[in-house]
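**Q** Predicted model follows, preceded by the sequence.
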Amino acid sequence: MSEFASRTDLDALLPWIAAAPKDRSAAEIICYRPDFRQRVFADRIEFCPERGVVGDRWRDKPWLRDAQGNPDPRIQVCILGARVYRQVCCRDPEMPHPGDTIIADLDLSEENLPAGSLLQAGSAQLRVSDLFNDGCVKWRSRYGADSVQWINDPRNRALRLRGILCEVVAPGTLERNGPLGKPERRSG
């Protein structure tokens, strides 16, 4: 496996990452995880407020539960910016996919998509979570310590370089290369 991206290389990417589209993108890759270490790359996924991504392990094996012991809905969907994905997760063909539900070229920063913002994912609607995605131990082992430090650097946290977590608020489907973005405003 080739070397992980260095902190210097990662820092040099920040202007390019910040220049990602603000309103709309295509879902370049869509994925769900039936169980640990399993990835299904789909042409279409279904979202359900009660089940998250249909077929995903979230309902039965979440990494976070609410105060009542139920799967925390704020972690039903993870969206990773395509620019980070390409430069951090695809440096070598042997690097595993991080397991994020959607990879899209979209500005995921707090400024562009504050917690509570709604996103249209095909015919489904998602709400951006208030939880910060900090890059877990698995991210460190897969993509290197420098990438975790880069994600969690106080100067970079608002960019949400590790992606955003979302809750499904309206059911629907999303196809690969289907639209992801801010809901269109209706005039009238």
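**A** Arrived safely. Residues are numbered from 1 along each chain as shown.

**Q** Which parts of the chain are strands?
**A** 24-32, 40-41, 44-48, 52-53, 77-81, 102-104, 118-121, 124-128, 164-170, 172-175, 179-181 (DSSP state E).

**Q** Redo these as CSV? Include mean neighbour count, mean pLDDT and distance to Gly69.
**A** (Glycine included, C-beta is placed from N, CA and C.) Converted to CSV, the strands of the chain look like this (neighbours: other CB atoms under 10 Å; pLDDT from 0 to 100; distance: least, CB to CB, whole Å):
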stretch, mean neighbour count, mean pLDDT, distance to Gly69
strand 24-32, 20, 97, 23
strand 40-41, 12, 96, 27
strand 44-48, 19, 98, 20
strand 52-53, 25, 98, 16
strand 77-81, 26, 98, 21
strand 102-104, 29, 98, 28
strand 118-121, 20, 98, 28
strand 124-128, 22, 98, 22
strand 164-170, 22, 98, 18
strand 172-175, 18, 98, 28
strand 179-181, 19, 97, 31
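
**Q** could I get those as TSV with distance to Asn156?
**A** As requested, the strands of the chain are exported to TSV (distance: least, CB to CB, whole Å):
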stretch	distance to Asn156
strand 24-32	21
strand 40-41	28
strand 44-48	29
strand 52-53	27
strand 77-81	12
strand 102-104	19
strand 118-121	22
strand 124-128	18
strand 164-170	14
strand 172-175	28
strand 179-181	22
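
**Q** measure the closest residue in space to Glu46 that isn't next to it in sequence to Trp139 for me?
**A** Among residues not flanking Glu46 along the chain, Val54 sits closest, at 4.1 Å (CB to CB, 6 or more residues apart in numbering). Relative to Trp139, Val54 is positioned 25 Å away (CB to CB, to the nearest Å).

**Q** Identify the residue nearest the residue nearest the centre of the chain in space, chain neighbours excluded?
**A** The centre of the chain sits closest to Ile79, judged by CA atoms, centre = their mean, with a distance of 1.8 Å. Leaving aside its chain neighbours, Ile79 sits nearest to Ile102 (4.5 Å; criterion: CB to CB, 6+ apart).

**Q** which one's the longest helix in the protein?
**A** Assignment by DSSP state H gives helix 7-18 as the longest helix of the chain.

**Q** Can you name every helix or strand that that one contacts?
**A** Under the contact criterion of 3 or more CB pairs under 8 Å, 6 or more residues apart in numbering; DSSP states H and E, helix 7-18 touches helix 82-84, helix 145-152.
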